[in-house]
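Undergrad: Dropping the sequence and predicted coords here.
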Amino acid sequence: SNLNNSSIGVVVSYGDNEILLTGDLEEEEEVGLVVGDVDIFKAGHHGSRTANTKEFLEEASAKVMVISVSEENSFGHPHVETLERAEAFGIRVLRTDLDGRVSFVFGEKELLRSIFLPRWRVFGEV
């Protein structure tokens, strides 16, 4: 009945690097995913409070969370609770509404660097 929960959760692996993509999955579907440690997590449902639970973030143990969200969206995403949860776990948050387009460069064994095209600046490194 909730179309958000028909999203597909995927872990993309390259060498020793893993990225978790969860689409718009919400809390009740996060419970069923077994993900283990990942390097990068694309936040579920644009950082809404109905996804990205404490338990899920703890299991994923991501270093970086990317929140794909538009400026001044009518839903109020990302939700402050999601941002507070990420901070509590020491997860670096990159937001497309504030940071612009985010790209990651991987080596065979590790994340080499993160580059982003900020909204008002030239290329930067995270």
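TA: Nice, I can see it.

Undergrad: Please make it C-alpha for all contacts and neighbour counts, starting now.
TA: Fine.

Undergrad: Which secondary structure element of the chain has the lowest mean pLDDT?
TA: Comparing helices and strands within the chain by mean pLDDT, DSSP states H and E singles out strand 124-125 as the least confident, with a mean of 46.

Undergrad: which residues touch the spatially most central residue of the chain?
TA: Per CA atoms, centre = their mean, the C-alpha nearest to the average position across the chain is that of K42, at 2.5 Å. By CA atoms under 8 Å, 6 or more residues apart in numbering, K42 lies in contact with I19, L20, L21, T22, M65, V66, I67, S68.

Undergrad: Now do the phi/psi pair for the second one.
TA: For L20, the backbone dihedrals are phi -100, psi 120 (criterion: degrees, to the nearest 10).

Undergrad: and E84, which of the three is it?
TA: helix (DSSP: H, G, I helix; E, B strand; the rest coil).

Undergrad: where's it relative to I67, distance?
TA: Applying CA to CA, to the nearest Å, the value for E84 to I67 is 13 Å.

Undergrad: Compare these two and say which one has the larger neighbour count.
TA: I67 (26 against 13; other CA atoms under 10 Å).

Undergrad: residues touching the residue of the chain positioned farthest from its centre, list them.
TA: Distance from the centre of the chain peaks at S1, with 24.5 Å (CA atoms, centre = their mean). Neighbour list for S1: empty [criterion: CA under 8 Å, 6+ apart].

Undergrad: Got the confidence number for it?
TA: You'll see S1 listed with a pLDDT of 71.

Undergrad: all strands of this protein, in order?
TA: 10-14, 17-21, 40-42, 64-67, 92-95, 101-106, 111-117, 124-125 (DSSP state E).

Undergrad: what sits against D97?
TA: S68, V69, S70, E71.

Undergrad: got the contact list for E81?
TA: Applying CA under 8 Å, 6+ apart, the residues contacting E81 are R49.

Undergrad: Perfect, I'm done here.
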